[in-house]
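Q: I'll drop the sequence and a predicted model, then ask my questions.
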Amino acid sequence: MIFEKILDDQRLWAVHYEGEEENCFDRLFSLWNDVNGLKSFFMENLSDLASYFHITDVYKAVRETITEARQLECLMLDIAPEANLDLLFRHLENSRFAEMLLGREKAYGKGEFSHPSWLRIYAIRIEPGVYLVTGGAIKLTEKMVQRSHTLAELAKMENVRNFLLDQGVFDLDGLNDYIDNEQGT
Amino acid sequence: MSKALDYLEAHQSPTPSRWREHAQWRRDNEHWLIYSREITFRVLRAMDENAVTQNELAKRMGCTQQYVSNLLKGNSNMTLETISRLESALGLDLIKTALTPA
(Lines give C-alpha, C1' and ligand atoms only; values in the text may rest on other atoms or scores of the structure.)
Protein backbone atom coordinates (compact mmCIF):
# COMPACT_ATOMS: atom_id res chain seq x y z
CA MET A 1 0.00 0.00 0.00
CA ILE A 2 1.35 3.43 -0.90
CA PHE A 3 0.41 6.89 0.26
CA GLU A 4 0.37 10.41 -1.15
CA LYS A 5 0.65 13.67 0.68
CA ILE A 6 -2.37 15.91 0.06
CA LEU A 7 -1.20 18.80 2.19
CA ASP A 8 2.50 19.63 2.07
CA ASP A 9 2.67 19.99 5.83
CA GLN A 10 1.94 16.24 6.25
CA ARG A 11 -1.42 16.70 7.96
CA LEU A 12 -3.51 15.14 5.21
CA TRP A 13 -2.62 12.01 3.28
CA ALA A 14 -4.46 9.69 0.91
CA VAL A 15 -4.10 6.04 0.02
CA HIS A 16 -3.13 5.33 -3.57
CA TYR A 17 -4.69 1.91 -4.16
CA GLU A 18 -3.02 -0.54 -6.49
CA GLY A 19 -4.39 -0.38 -10.04
CA GLU A 20 -5.88 3.10 -9.58
CA GLU A 21 -4.58 5.97 -11.74
CA GLU A 22 -4.85 8.52 -8.95
CA ASN A 23 -4.97 8.51 -5.17
CA CYS A 24 -8.39 8.02 -3.60
CA PHE A 25 -8.77 11.68 -2.60
CA ASP A 26 -8.08 12.94 -6.12
CA ARG A 27 -10.33 10.21 -7.54
CA LEU A 28 -13.17 11.21 -5.25
CA PHE A 29 -13.30 14.73 -6.61
CA SER A 30 -13.00 13.47 -10.19
CA LEU A 31 -16.05 11.26 -9.58
CA TRP A 32 -17.95 14.08 -7.88
CA ASN A 33 -17.40 16.27 -10.95
CA ASP A 34 -18.33 13.70 -13.57
CA VAL A 35 -21.83 14.60 -14.81
CA ASN A 36 -22.60 11.31 -16.55
CA GLY A 37 -21.02 9.21 -13.81
CA LEU A 38 -23.10 10.98 -11.18
CA LYS A 39 -26.25 10.67 -13.28
CA SER A 40 -25.70 6.91 -13.57
CA PHE A 41 -25.09 6.64 -9.82
CA PHE A 42 -28.28 8.51 -8.93
CA MET A 43 -30.29 6.50 -11.47
CA GLU A 44 -29.08 3.31 -9.81
CA ASN A 45 -29.89 4.69 -6.36
CA LEU A 46 -33.04 6.59 -7.26
CA SER A 47 -35.17 4.86 -4.62
CA ASP A 48 -32.75 5.94 -1.84
CA LEU A 49 -32.63 9.46 -3.23
CA ALA A 50 -36.41 9.62 -3.25
CA SER A 51 -37.08 7.97 0.08
CA TYR A 52 -34.33 9.59 2.16
CA PHE A 53 -34.01 12.97 0.43
CA HIS A 54 -37.36 13.31 -1.38
CA ILE A 55 -35.58 14.09 -4.65
CA THR A 56 -36.77 12.40 -7.82
CA ASP A 57 -34.89 14.50 -10.38
CA VAL A 58 -31.45 12.94 -10.88
CA TYR A 59 -30.17 16.07 -12.59
CA LYS A 60 -31.02 18.12 -9.52
CA ALA A 61 -29.01 15.61 -7.47
CA VAL A 62 -26.10 15.86 -9.90
CA ARG A 63 -26.10 19.68 -9.73
CA GLU A 64 -26.20 19.67 -5.95
CA THR A 65 -23.39 17.12 -5.75
CA ILE A 66 -21.12 19.15 -8.01
CA THR A 67 -21.87 22.36 -6.11
CA GLU A 68 -21.16 20.75 -2.74
CA ALA A 69 -18.05 18.98 -4.02
CA ARG A 70 -16.76 22.32 -5.28
CA GLN A 71 -17.31 23.94 -1.88
CA LEU A 72 -15.66 21.06 -0.06
CA GLU A 73 -12.74 21.09 -2.46
CA CYS A 74 -12.25 24.85 -2.11
CA LEU A 75 -12.33 24.42 1.67
CA MET A 76 -9.57 21.83 1.37
CA LEU A 77 -7.57 23.99 -1.04
CA ASP A 78 -7.70 26.94 1.35
CA ILE A 79 -6.91 25.11 4.58
CA ALA A 80 -4.68 27.42 6.55
CA PRO A 81 -1.53 26.05 8.22
CA GLU A 82 -2.97 26.87 11.63
CA ALA A 83 -6.37 25.29 10.92
CA ASN A 84 -7.15 22.24 13.00
CA LEU A 85 -8.19 19.24 10.89
CA ASP A 86 -9.77 17.73 14.00
CA LEU A 87 -12.54 20.28 13.46
CA LEU A 88 -13.12 19.09 9.90
CA PHE A 89 -13.26 15.37 10.63
CA ARG A 90 -15.64 13.71 13.05
CA HIS A 91 -15.88 10.21 14.44
CA LEU A 92 -17.46 7.81 11.98
CA GLU A 93 -19.53 6.29 14.73
CA ASN A 94 -21.91 8.99 15.93
CA SER A 95 -22.11 7.21 19.28
CA ARG A 96 -18.33 7.30 19.88
CA PHE A 97 -17.15 10.10 22.14
CA ALA A 98 -13.69 8.86 23.11
CA GLU A 99 -10.68 8.78 20.82
CA MET A 100 -9.48 5.40 19.60
CA LEU A 101 -6.18 4.35 18.12
CA LEU A 102 -6.31 4.92 14.35
CA GLY A 103 -9.93 6.00 14.68
CA ARG A 104 -12.29 5.89 11.72
CA GLU A 105 -13.38 9.41 10.83
CA LYS A 106 -15.51 11.26 8.30
CA ALA A 107 -15.76 14.75 6.83
CA TYR A 108 -18.78 15.97 4.96
CA GLY A 109 -20.12 18.78 2.85
CA LYS A 110 -21.62 21.91 4.31
CA GLY A 111 -25.18 21.01 3.35
CA GLU A 112 -25.99 24.03 1.18
CA PHE A 113 -29.35 22.72 0.12
CA SER A 114 -32.60 21.80 1.82
CA HIS A 115 -31.10 18.57 3.13
CA PRO A 116 -27.93 17.47 4.90
CA SER A 117 -24.96 16.82 2.62
CA TRP A 118 -24.64 13.29 1.25
CA LEU A 119 -20.92 13.69 0.47
CA ARG A 120 -18.54 11.85 2.75
CA ILE A 121 -14.75 11.69 2.92
CA TYR A 122 -13.55 8.78 5.03
CA ALA A 123 -10.22 8.79 6.82
CA ILE A 124 -8.14 7.18 9.53
CA ARG A 125 -6.93 9.51 12.26
CA ILE A 126 -3.20 8.84 12.37
CA GLU A 127 -2.58 11.17 15.28
CA PRO A 128 -4.12 14.43 16.50
CA GLY A 129 -4.66 16.69 13.51
CA VAL A 130 -3.25 14.16 11.01
CA TYR A 131 -5.51 12.10 8.73
CA LEU A 132 -5.15 9.46 6.06
CA VAL A 133 -8.03 9.47 3.55
CA THR A 134 -9.16 5.98 2.58
CA GLY A 135 -12.04 6.92 0.26
CA GLY A 136 -15.43 8.54 0.22
CA ALA A 137 -19.01 8.11 -0.84
CA ILE A 138 -22.33 9.62 -1.68
CA LYS A 139 -24.22 8.34 1.33
CA LEU A 140 -27.94 8.25 0.73
CA THR A 141 -28.96 5.84 3.49
CA GLU A 142 -28.86 6.10 7.24
CA LYS A 143 -26.29 3.35 7.78
CA MET A 144 -23.24 2.54 5.68
CA VAL A 145 -23.97 -1.19 5.91
CA GLN A 146 -27.27 -0.72 4.08
CA ARG A 147 -25.69 -0.43 0.63
CA SER A 148 -22.83 -2.26 -1.03
CA HIS A 149 -21.01 0.89 -2.19
CA THR A 150 -20.85 2.36 1.34
CA LEU A 151 -20.18 -1.04 2.87
CA ALA A 152 -17.17 -1.29 0.54
CA GLU A 153 -15.88 2.03 1.92
CA LEU A 154 -16.25 0.70 5.44
CA ALA A 155 -14.22 -2.37 4.44
CA LYS A 156 -11.53 -0.17 2.87
CA MET A 157 -11.18 1.81 6.10
CA GLU A 158 -10.87 -1.37 8.10
CA ASN A 159 -8.32 -2.84 5.68
CA VAL A 160 -6.14 0.28 5.83
CA ARG A 161 -6.43 0.43 9.62
CA ASN A 162 -5.48 -3.25 9.97
CA PHE A 163 -2.65 -2.80 7.50
CA LEU A 164 -1.16 0.04 9.53
CA LEU A 165 -1.51 -1.92 12.75
CA ASP A 166 0.11 -4.97 11.12
CA GLN A 167 3.01 -2.81 9.95
CA GLY A 168 3.67 -1.86 13.56
CA VAL A 169 3.15 1.80 12.79
CA PHE A 170 2.03 2.13 16.37
CA ASP A 171 4.26 0.35 18.87
CA LEU A 172 3.79 0.54 22.62
CA ASP A 173 5.85 3.75 22.89
CA GLY A 174 3.85 5.24 20.04
CA LEU A 175 0.64 4.22 21.72
CA ASN A 176 1.72 5.78 25.02
CA ASP A 177 2.73 8.98 23.22
CA TYR A 178 -0.63 8.95 21.53
CA ILE A 179 -2.53 8.54 24.79
CA ASP A 180 -0.42 11.25 26.43
CA ASN A 181 -1.18 13.55 23.53
CA GLU A 182 -4.87 12.82 23.73
CA GLN A 183 -4.86 13.55 27.45
CA GLY A 184 -2.83 16.67 26.93
CA THR A 185 -0.05 15.52 29.24
CA MET B 1 8.46 13.20 13.59
CA SER B 2 6.26 10.37 14.88
CA LYS B 3 6.72 6.76 13.86
CA ALA B 4 3.40 6.86 11.97
CA LEU B 5 4.43 9.90 9.91
CA ASP B 6 7.84 8.35 9.32
CA TYR B 7 6.09 5.30 7.93
CA LEU B 8 3.85 7.30 5.59
CA GLU B 9 6.83 9.33 4.37
CA ALA B 10 8.81 6.15 3.72
CA HIS B 11 5.97 4.54 1.78
CA GLN B 12 5.02 7.47 -0.41
CA SER B 13 4.15 7.07 -4.05
CA PRO B 14 7.10 7.97 -6.31
CA THR B 15 4.82 10.48 -8.03
CA PRO B 16 3.27 13.21 -5.88
CA SER B 17 -0.47 13.74 -5.61
CA ARG B 18 -1.94 15.82 -8.42
CA TRP B 19 -5.10 16.66 -6.48
CA ARG B 20 -4.07 20.28 -5.79
CA GLU B 21 -3.30 20.84 -9.46
CA HIS B 22 -6.64 19.33 -10.51
CA ALA B 23 -8.58 21.23 -7.84
CA GLN B 24 -6.93 24.50 -8.79
CA TRP B 25 -7.75 23.82 -12.46
CA ARG B 26 -11.42 23.24 -11.58
CA ARG B 27 -11.49 26.46 -9.59
CA ASP B 28 -9.71 28.54 -12.23
CA ASN B 29 -11.99 27.25 -15.01
CA GLU B 30 -15.29 27.24 -13.15
CA HIS B 31 -16.77 30.00 -15.35
CA TRP B 32 -16.78 27.88 -18.52
CA LEU B 33 -17.15 24.51 -16.77
CA ILE B 34 -20.66 25.65 -15.81
CA TYR B 35 -21.52 25.97 -19.53
CA SER B 36 -19.95 22.61 -20.32
CA ARG B 37 -22.06 20.95 -17.62
CA GLU B 38 -25.25 22.66 -18.79
CA ILE B 39 -24.67 21.45 -22.34
CA THR B 40 -23.99 17.96 -20.98
CA PHE B 41 -27.24 17.99 -18.98
CA ARG B 42 -29.19 18.83 -22.14
CA VAL B 43 -27.36 16.23 -24.20
CA LEU B 44 -27.98 13.51 -21.58
CA ARG B 45 -31.67 14.41 -21.36
CA ALA B 46 -31.99 14.25 -25.15
CA MET B 47 -30.18 10.92 -25.21
CA ASP B 48 -32.55 9.54 -22.57
CA GLU B 49 -35.66 10.85 -24.27
CA ASN B 50 -34.64 9.39 -27.63
CA ALA B 51 -32.99 6.23 -26.28
CA VAL B 52 -29.69 7.16 -27.91
CA THR B 53 -26.67 5.25 -26.60
CA GLN B 54 -23.14 6.63 -26.41
CA ASN B 55 -22.22 4.36 -29.30
CA GLU B 56 -25.08 5.65 -31.43
CA LEU B 57 -24.20 9.26 -30.60
CA ALA B 58 -20.58 8.59 -31.54
CA LYS B 59 -21.70 7.21 -34.91
CA ARG B 60 -23.94 10.19 -35.57
CA MET B 61 -21.15 12.60 -34.66
CA GLY B 62 -18.49 10.70 -36.59
CA CYS B 63 -16.24 10.24 -33.59
CA THR B 64 -15.23 7.49 -31.17
CA GLN B 65 -17.31 6.28 -28.24
CA GLN B 66 -14.35 7.20 -25.99
CA TYR B 67 -14.60 10.80 -27.18
CA VAL B 68 -18.33 10.87 -26.38
CA SER B 69 -17.68 9.30 -22.99
CA ASN B 70 -15.22 12.08 -22.17
CA LEU B 71 -17.62 14.76 -23.41
CA LEU B 72 -20.35 13.44 -21.13
CA LYS B 73 -18.23 13.97 -18.04
CA GLY B 74 -19.17 17.62 -18.44
CA ASN B 75 -15.70 19.08 -18.11
CA SER B 76 -14.65 19.42 -21.76
CA ASN B 77 -13.88 22.76 -23.30
CA MET B 78 -16.09 21.99 -26.32
CA THR B 79 -15.38 23.74 -29.60
CA LEU B 80 -18.17 25.34 -31.61
CA GLU B 81 -17.74 22.48 -34.07
CA THR B 82 -18.38 19.90 -31.33
CA ILE B 83 -21.44 21.78 -30.08
CA SER B 84 -22.74 22.05 -33.64
CA ARG B 85 -22.23 18.31 -34.18
CA LEU B 86 -24.11 17.55 -30.94
CA GLU B 87 -26.97 19.76 -32.14
CA SER B 88 -27.17 17.95 -35.46
CA ALA B 89 -26.79 14.47 -33.97
CA LEU B 90 -29.58 14.95 -31.44
CA GLY B 91 -31.74 17.59 -33.11
CA LEU B 92 -30.98 19.91 -30.22
CA ASP B 93 -30.81 23.66 -29.97
CA LEU B 94 -27.87 24.33 -27.70
CA ILE B 95 -26.66 27.70 -28.98
CA LYS B 96 -28.26 27.89 -32.44
CA THR B 97 -31.14 30.20 -31.54
CA ALA B 98 -28.99 32.45 -29.41
CA LEU B 99 -26.47 32.93 -32.22
CA THR B 100 -28.73 33.04 -35.29
CA PRO B 101 -28.75 36.58 -36.75
CA ALA B 102 -32.13 38.28 -36.39
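A: Received it, and whenever you're ready, just let me know what you need.
Q: and the residue nearest to A:Ile126 when sequence neighbours are not counted, how far is that from B:Arg42?
A: Counting by C-beta to C-beta, 6 or more residues apart in numbering or on different chains, the nearest residue to A:Ile126 once its immediate chain neighbours are dropped is B:Ala4, at 4.9 Å. All C-beta atoms are positioned from the backbone trio N, CA, C, and that covers glycine. Applying C-beta to C-beta, to the nearest Å, the value for B:Ala4 to B:Arg42 is 49 Å.
Q: these two - which one has more neighbours?
A: B:Ala4 (21 against 17; other C-beta atoms under 10 Å in any protein chain shown).
Q: check which helix or strand covers the more buried one.
A: helix B:3-10 (DSSP states H and E).
Q: the strands in chain A, which residues?
A: Per DSSP state E, chain A carries strands over the ranges A:2-5, A:12-16, A:90-91, A:104-108, A:119-127, A:130-138.
Q: elements contacting the fourth one?
A: Which is strand A:104-108. strand A:90-91, strand A:119-127, helix A:148-166 (3 or more C-beta pairs under 8 Å, 6 or more residues apart in numbering or on different chains; DSSP states H and E).
Q: just give me the neighbour total for residue 2.
A: In the absence of a named chain, this looks at chain A. 14.
Q: nope, chain B please
A: B:Ser2: 17 surrounding residues under other C-beta under 10 Å.
Q: B:Asn29 now?
A: 13.
Q: what parts of chain B come near chain A?
A: B:2-5, B:7-9, B:11-13, B:16-20, B:22-24, B:26-27, B:30, B:37, B:40-41, B:44-45, B:69, B:72-75 (C-beta under 8 Å from any C-beta of the partner chain).
Q: what's the ChimeraX syntax to select whichever of these are buried?
A: This is the ChimeraX syntax for the buried subset of these, where burial follows 16 or more other C-beta atoms under 10 Å in any protein chain shown:
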select /B:2,4,5,7,8,17,19,22,23,26,37,40,41,44,72,73,74,75
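Q: among the residues of chain B next to chain A, which lie within helices?
A: Of the residues of chain B next to chain A, the ones assigned to helices by DSSP state H are B:3-5, B:7-9, B:19-20, B:22-24, B:26-27, B:30, B:37, B:40-41, B:44-45, B:69.
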